[in-house]
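> Quick check, what structure comes out for this input:
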Amino acid sequence: MCKSKILGIHVNNDYISCAAKDLGCQVLKLPFSYLGSMVGGRMHRLHSWDDAVDRVRNRLSKWKMKMLSSGGRLTLVKSVLGSMPIFHMSLFKVPAGFLHKLESIRKHFFNGHEVSSMKISWVNLNKVVTPKEKGGLGVSSLYALNRGLLFKWVWRFLTQWSSLWARVIKAIHGMDGSIRDIRSGILKDRFLRIYALENCKSVTVGDKLAHPTLSHSFRRLPRGGIENAQFAEFSVLLQHVVLAQGSDRWTWTANGSGQFSVASVMTGSLATRFDISRRGIVIDYILCGNCDIGVKTTSHLFFTCDMATSVRRLINRWWEVSDMEIDSYATWKGWDIIPS
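Next comes the predicted model:
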């Protein structure tokens with residue numbers, strides 16, 4: 001047991017020390033190193049990433065910089081900077097300062113310069129991270145790598161509903177019918193006095209609506225100004241809620257089956273109202289049904305419609321990338337995603 005350590009989360013330090021003494025082990029404190037990576041730190045702070053920066057800098061040592069050819073340095077850049085911080089980058093939104101440090105180390109190493117050197121870099125970093133089919137060297141962008149790894153969790157959440165971690169996330173954040181309101185936070189925090197009257201603290205919205213009155217599971221009826229006011233607001237909020245009988249599922253509510261591919265957008269082969277009218281079929285209304293402004297072409301539907309523009313801007317703000325006006329697939333394909 002002398003090699004073992006005990007860690008307490010939200011537990012008094014004296015209690016942990018006594019437990020470690022009784023067990024004959026040591027006390028583990030946050031942050032700690034696990035498989036070469038620091039765990040338990042405040043990863044939104046830049047200094048929490050200093051260990052990862054030091055490991056990358058030590059791996060790309062000076063002798064390797066001077067002894068390797070440009071091709072060898074390129075291979076080492078891909079292997080080291082593409083794998084060393086992969087654990088943290090797959091779990092946390094990496095601070096911009098950390099990305100800038102790694103990009104600086106990568107740029108100077110590939111050009112054969114020390115980080116403190118003021119020599120000219122003959123190969124632009126944008127050229128290095130450009131895909132090979134576009135004339136670049138195909139080195140992964142650290143920013144895109146971080147966002148791509150994080151987005152894999154979103155994909156897994158949507159496709160692996162029965163997995164353990166997905167069930168934990170749903171239990172913590174909802175999506176299971178609990179009394180939660182995504183627009184204003186958790187309902188139990190919004191209606192504190194009403195939640196205090198509830199006997200079943202884990203009751204769902206469906207269970208509430210299944211009874212004639214919302215107060216059926218209260219330990220007593222609301223009384224007083226604050227309780228009555230919160231109960232009235234709570235009743236108004238739920239009176240327009242209509243729950244489906246089946247289990248929750250993702251649906252496409254815009255139109256049709258919603259089945260299309262990037263290739264069909266690229267070639268403009270979607271059966272939009274404008275394309276149907278060009279084939280001699282009479283269409284009473286060819287304007288977009290979402291904005292009633294532009295003609296419903298493929299380019300308008302996916303790029304210039306107010307709804308498409310709003311969705312793109314929300315995604316850009318979420319991913320922290322610069323925005324630009326996009327009016328066609330060709331413009332979208334040539335759009336350089338640059339962190340804002």
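
> Quick check: end-to-end length of stretch 58-71?
End-to-end distance for stretch 58-71, by Cα to Cα, to the nearest Å: 20 Å.

> With stretch 29-47 instead?
End-to-end distance for stretch 29-47: 18 Å, by Cα to Cα.

> what's it in contact with?
Identification of contacts with stretch 29-47 by Cβ atoms under 8 Å, 6 or more residues apart in numbering yields 5, 7, 48-49, 51-52, 55, 87-88, 91-93, 95, 97-98. (Each C-beta comes from the backbone N, C-alpha and C, glycine too.)

> I only care about those that end up buried; give me the PyMOL line for that.
Selection of buried members from these for PyMOL, criterion 16 or more other Cβ atoms under 10 Å:
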select buried, resi 48+49+51+52+87+88+92+95+98
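
> Mind picking the one among the contacts of stretch 29-47 that's closest to V242?
Nearest to V242 among these is K93, at 36.0 Å by Cβ to Cβ.

> Is the nearest residue to that closest one once chain neighbours are set aside part of a helix or strand, or is it coil?
Distance criterion Cβ to Cβ, 6 or more residues apart in numbering; nearest residue to K93, sequence neighbours excluded, is L150 at 6.6 Å. State at L150, reduced to three classes by DSSP: H, G, I helix; E, B strand; the rest coil: helix.

> so L150 makes contact with V94?
No: taking contacts as Cβ atoms under 8 Å, L150 lies outside contact range of V94: 9.2 Å.

> Show me which helix or strand of this structure is least confident by mean pLDDT.
None of the helices or strands of the chain scores lower by mean pLDDT, DSSP states H and E than strand 180-181, at a mean of 47.

> Helices along the stretch 101-250 of the chain, start to end?
Taking DSSP state H, counting those that start in this stretch, the helices of the stretch 101-250 of the chain run over residues 125-129, 142-159, 164-173, 187-190, 192-197, 205-209, 225-238.

> mind checking how far the longest one is from the chain centre?
Here helix 142-159 is found 7 Å from its chain centre; the criterion is Cα atoms, centre = their mean, to the nearest Å.

> As JSON lines, the helices of the stretch 101-250 of the chain with mean pLDDT and mean neighbour count would be great.
Below are the helices of the stretch 101-250 of the chain laid out as JSON lines (pLDDT from 0 to 100; neighbours: other Cβ atoms under 10 Å):
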{"stretch": "helix 125-129", "mean pLDDT": "68", "mean neighbour count": "15"}
{"stretch": "helix 142-159", "mean pLDDT": "84", "mean neighbour count": "15"}
{"stretch": "helix 164-173", "mean pLDDT": "76", "mean neighbour count": "12"}
{"stretch": "helix 187-190", "mean pLDDT": "78", "mean neighbour count": "16"}
{"stretch": "helix 192-197", "mean pLDDT": "86", "mean neighbour count": "16"}
{"stretch": "helix 205-209", "mean pLDDT": "82", "mean neighbour count": "16"}
{"stretch": "helix 225-238", "mean pLDDT": "86", "mean neighbour count": "14"}
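
> can you list the domains in the protein?
1-30, 33-175, 184-238, 262-333 (automatic domain parsing).
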